[in-house]
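**Q** What follows is a predicted protein model with its sequence.
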Amino acid sequence: MIIRTANAYAFSSLHRQRTASVLIIIGIAAALAALMTVVGIMNSLQGVQLTRIRNAESFDISISGDDIDIEKVREIEGVASAWAYLDIAGLAMNTDTDKVGYVTVRGIESGLVRDSRFCSTVNAYLPGQGICLGRGLSSDLEIRSYGTLKLTILKKGKTAKLVPFSATVDVGGFFYTSYEGFSDSYALMNLDELRAMSGFERSDVGVYLQSGADLGSVKKSLEQAFPGAVITDWKEANSSLYSALMLEKGAVIVFLGFIMLIISYYLKRSTRRMITAKRKEAAVLQALGLTRAKVTAVFLVQAMEVSLLGIILGLLLGTLISKNLTGLLKGLDSLVRLFTGKATVLSTYPFTLSISTAEILLFPAGILLCAFVFSLAGARNAMKIDVMEILKDDARN
């Protein structure tokens with residue numbers, strides 16, 4: 001009886017209740033679809049950026065320490081590959097133009113450029129001798145072709161711990177990468193050549209994980225295998241960027257969450273207005289033996305039914321958008337070009353949606369919770385009525 005009565009009340013034509021219910025359903029559906037779309041695109045873009053950083057610059061896990069047995073690292077469960085590398089900061093100068101730039105010289109094993117994870121982001125040729133410059137760095141130094149440059153680094157000294165050391169090195173190649181931050185500030189060298197130049201024999205170890213491997217579990221295994229080493233995962237190595245991306249995502253969710261709160265508040269007002277309009281019916285139901293709690297439940301179920309219909313419609317709409325996102329963006333780009341005469345990035349970038357099941361479930365749960373709280377508050381406030389007084393007033397009228 002409660003559900004049947006709530007269903008009748010939800011779409012009653014009295015006092016424009018049907019119109020209010022339909023508008024609330026549309027509002028919830030539009031807000032949920034927008035939330036799914038925005039968070040899905042943001043997840044996808046952030047995932048691409050973080051993948052580029054992990055593959056090119058920071059590895060999944062980096063190990064620093066003395067006497068790290070790289071073969072032992074490769075035997076750890078979950079490790080796909082491990083490579084020795086050495087990063088040394090310095091200055092690079094084009095001797096022909098006197099252009100100077102900061103550079104991080106990374107010495108790597110020749111096999112790294114054939115690793116699928118590395119070469120998926122970095123396209124490089126590592127010469128037997130010389131230095132391989134990123135395209136952004138070579139542009140800043142105005143080095144357009146093979147030649148030489150002056151490289152200044154801190155070298156291991158005999159009397160002092162570190163001493164400045166300058167050398168003229170051949171530019172043996174160039175590389176480009178989908179992660180601009182790497183090609184703008186890094187140069188690649190053969191690891192043995194950089195060791196000989198700097199005097200450092202030790203090197204760090206970069207680890208790529210197998211697909212599906214748990215980062216925390218592998219890191220814990222490495223810490224147990226190498227207790228004296230400093231082990232850093234990619235989130236820690238890029239903590240500022242990772243935190244900024246998560247903050248950006250959180251801000252968008254909070255902003256869209258406020259939209260949900262506003263819609264839920266209107267659910268409260270709609271419920272209260274409907275109960276006020278149906279005070280006589282509510283009084284009659286109580287007179288027939290229904291408790292105030294059951295009468296309140298009728299109107300609460302009505303509000304939850306409207307919310308649930310909005311959620312179902314929103315999930316369907318969000319799924320439809322995700323499956324046709326490219327076509328929708330191209331259509332939007334055509335519309336913008338029609339009015340402005342200029343193309344946008346919407347038609348050129350391959351936008352995709354990436355949203356987890358937990359996020360999909362979290363958003364409807366939040367909507368239902370807000371709808372329940374606000375509707376319950378509205379129903380309880382409106383149900384503070386005296387049954388006999390209402391019936392007397394009706395009899396007098």
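**A** Happy to help now that I have it. Numbering: from 1, shown residues only.

**Q** in this protein, which spans are strands?
**A** Listed in chain order, the strands found in the chain under DSSP state E are 61-64, 79-94, 99-108, 122-123, 131-134, 148-156, 162-177, 186-190, 204-209, 230-233.

**Q** Next, the angle strand 186-190 makes with the second one.
**A** Strand 79-94 and strand 186-190 are oriented at 110 degrees to each other (axes from the mean of the first three to the mean of the last three CA atoms, to 10 degrees).

**Q** and the gap between the closest residue to Cys119 other than its chain neighbours and Ser139?
**A** Excluding the flanking residues, the one nearest Cys119 by CB to CB, 6 or more residues apart in numbering is Val113, at 6.1 Å. C-beta coordinates here come from the backbone N, C-alpha and C atoms, glycine included. Val113 sits 21 Å away from Ser139, taking CB to CB, to the nearest Å as the criterion.

**Q** Ok, Ala303 next?
**A** According to CB to CB, Ala303 and Ser139 sit 61 Å apart.

**Q** between those two, which one's more packed in?
**A** Neighbours of Ala303 and Ser139, each counted by other CB atoms under 10 Å, are more numerous for Ala303; the result is 27 against 15.

**Q** The more buried one touches Ala377, doesn't it?
**A** No - contact criterion CB atoms under 8 Å: Ala303 and Ala377 do not qualify, at 10.6 Å.

**Q** So which residue is dead centre in the chain?
**A** Centroid-nearest residue in the chain: Asn43, 3.4 Å away (criterion: CA atoms, centre = their mean).

**Q** quick one: contacts for the spatially closest residue to it that is not a sequence neighbour?
**A** Distances taken as CB to CB, 6+ apart put Ser354 closest to Asn43, at 4.2 Å, once the chain neighbours are dropped. The neighbours of Ser354, taking CB atoms under 8 Å, 6 or more residues apart in numbering as the test, are 40, 43-44, 47.

**Q** which phi and psi does Ser354 have?
**A** Dihedral pair for Ser354: phi -140, psi 110, per degrees, to the nearest 10.

**Q** How much space separates it from Ile153?
**A** Look at Ser354 and Ile153: by CB to CB, they are 41 Å apart.

**Q** One more: Asn43?
**A** The spacing between Asn43 and Ile153, counted by CB to CB, is 40 Å.

**Q** and if you look at Leu308?
**A** Separation of Leu308 from Ile153 (CB to CB): 65 Å.

**Q** One more: Leu241?
**A** 26 Å.

**Q** Look at the two and report which has more neighbours.
**A** Ile153 (21 against 16).

**Q** Please name the nearest non-neighbouring residue to that one.
**A** Once flanking residues are discounted, Ile153 sits nearest to Gly90: 3.7 Å by CB to CB, 6+ apart.

**Q** Surely the one you found touches Gly101?
**A** No - counting by CB under 8 Å, Gly90 stays clear of Gly101, with 10.0 Å between them.

**Q** Give me the more crowded residue out of those two.
**A** Neighbour totals were compared for Gly90 and Gly101, and Gly101 leads with 21 against 18 (other CB under 10 Å).

**Q** Show me the beta-bridge partners of the more buried one.
**A** On the basis of DSSP bridges, Gly101 takes part in beta bridges with Ala92.

**Q** Tell me how far it lies from Ser178.
**A** Using CB to CB, one gets 21 Å for the distance from Gly101 to Ser178.

**Q** And for Ser356?
**A** For Ser356 relative to Ser178 (CB to CB), the value is 24 Å.

**Q** do Met189 as well
**A** Taking CB to CB as the measure, Met189 and Ser178 are separated by 21 Å.

**Q** These two - which one has more neighbours?
**A** Met189 (25 against 16).

**Q** who's in contact with the more buried one?
**A** With CB under 8 Å, 6+ apart, Met189 has these contacts: 105-108, 126, 130-132, 169.

**Q** can you name the two of those that are farthest apart?
**A** Farthest pair in the contacts of Met189 (CB to CB) is Ile108 and Val169. Separation: 15.5 Å.

**Q** Can you mark which positions in stretch 93-113 are buried?
**A** 93-94, 101, 103, 105-109, 112-113 (16 or more other CB atoms under 10 Å).

**Q** quick one: low-confidence ranges for the stretch 201-350 of the chain?
**A** Low-confidence segments of the stretch 201-350 of the chain (pLDDT under 70): 260, 263-264, 266-290, 343-350.
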